[in-house]
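[1] My questions are about this predicted structure, shown below with the sequence.
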Amino acid sequence: MKRAATCGLVFILTLSGCTRHRAVYSAPTPKAYGTQIVEVSGGKQIGGVGSQLSDPLVVQVNGADGNPVAGALVSFRCAGLTFNPPDALSDSSGQVSVGLQLAGIPGSYQVLAETPRSGGGVVTVTSREIALGYQEKLGKEVSEKYCTVCHDPESTPERVSNFDNLAPPAPHEFTDGNTLNQMSDGDLIKIIADGGPALGKSPQTPAYRSTLTMAEIKAVVAYLRAVADPPYPGATGK
């Protein structure tokens with residue numbers, strides 16, 4: 001019994017020593033200051049909850065003359081997201097590149113990148129990243145199989161877009177929040193299930209009631225809500 005107590009004391013002292021010597025993180029010290037920060041690339045990426053986004057988020061710091069500023073501190077913030085690194089100095093092109101891991105809750109997340117300004121204060125830019133849960137991921141898979149050939153204007157090696165060959169031309173992209181956010185979930189389900197004529201829309205929108213399950217149709221609607229730009233008012237996230 002006495003021996004066990006001694007081991008426990010040693011263990012506690014060891015933990016205390018580890019805690020006392022743990023390194024404290026501090027952001028790098030800025031060597032220069034800018035007056036503007038802009039997103040270069042990496043915004044509006046889509047990934048599963050908790051996943052690492054495929055591309056880094058890249059921002060650039062510029063000075064009052066519009067030229068890039070090297071050595072400016074840029075800090076990234078968004079509750080639930082992990083940044084690697086969370087703070088960094090801009091390179092010779094005025095840019096900072098950061099890796100992003102999405103949160104464990106599906107939704108639309110606004111990433112804040114900020115840089116201090118000479119004389120006080122900060123300048124900021126926001127970027128949007130999207131985390132898909134199980135239902136939204138299923139909707140994305142269904143959409144890519146049945147919908148994107150007509151609703152996505154970009155052709156890929158796997159798929160030739162039919163976006164510009166329809167009448168009326170150019171059907172709404174699934175990211176078109178200005179239009180699709182105005183439609184109820186019920187109307188979106190109806191037009192997917194029963195085709196365009198069910199809501200007085202184009203007859204070229206086919207009916208999928210006999211092709212998809214209701215769970216798959218609802219998943220497509222959940223995906224539309226997740227990727228809407230501007231964001232759907234009822235979307236979760238930060």
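    Thanks, I have it. As the structure is a computational prediction, the values presented were derived from the model and not from experiment. Residues are numbered from 1 along each chain as shown.
[2] can you pull the pLDDT of the closest residue in space to residue 50 that isn't next to it in sequence?
    Leaving out its chain neighbours, the residue that sits closest to residue 50 by C-beta to C-beta, 6 or more residues apart in numbering is residue 104, at 5.0 Å. Bear in mind the C-beta positions are built from the backbone N, C-alpha and C, glycine included. Looking at residue 104, its pLDDT is 95.
[3] And the protein, what are its domain boundaries?
    Per the record, the chain has its domains at 36-132, 134-227, by automatic domain parsing.
[4] could these go into a markdown table alongside mean neighbour count and distance to residue 24?
    Putting the domains of the chain into a markdown table (neighbours: other C-beta atoms under 10 Å; distance: least, C-beta to C-beta, whole Å) gives the following:
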| stretch | mean neighbour count | distance to residue 24 |
| --- | --- | --- |
| domain 36-132 | 17 | 14 |
| domain 134-227 | 16 | 38 |
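[5] which SSE is the residue nearest to residue 50 in?
    Residue 104 belongs to no helix or strand when elements are defined using DSSP states H and E.
[6] Tell me the spacing between the closest residue to residue 67 other than its chain neighbours and residue 222.
    Spatial nearest neighbour of residue 67, chain neighbours left out: residue 94 (7.7 Å); criterion: C-beta to C-beta, 6+ apart. Noted for residue 94: a distance of 39 Å to residue 222, by C-beta to C-beta, to the nearest Å.
[7] Quick check: next helix or strand after the helix or strand of the chain with the lowest mean pLDDT?
    Ranked by mean pLDDT, DSSP states H and E, the helix or strand of the chain with the weakest confidence is helix 2-20, at a mean of 39. As assigned by DSSP H and E, the chain's next helix or strand after helix 2-20 is strand 36-41.
[8] Identify the residues contacting that following strand?
    Residues outside strand 36-41 that contact it (C-beta atoms under 8 Å, 6 or more residues apart in numbering) are 55, 57-63, 74, 95, 113-115, 123-125, 127.
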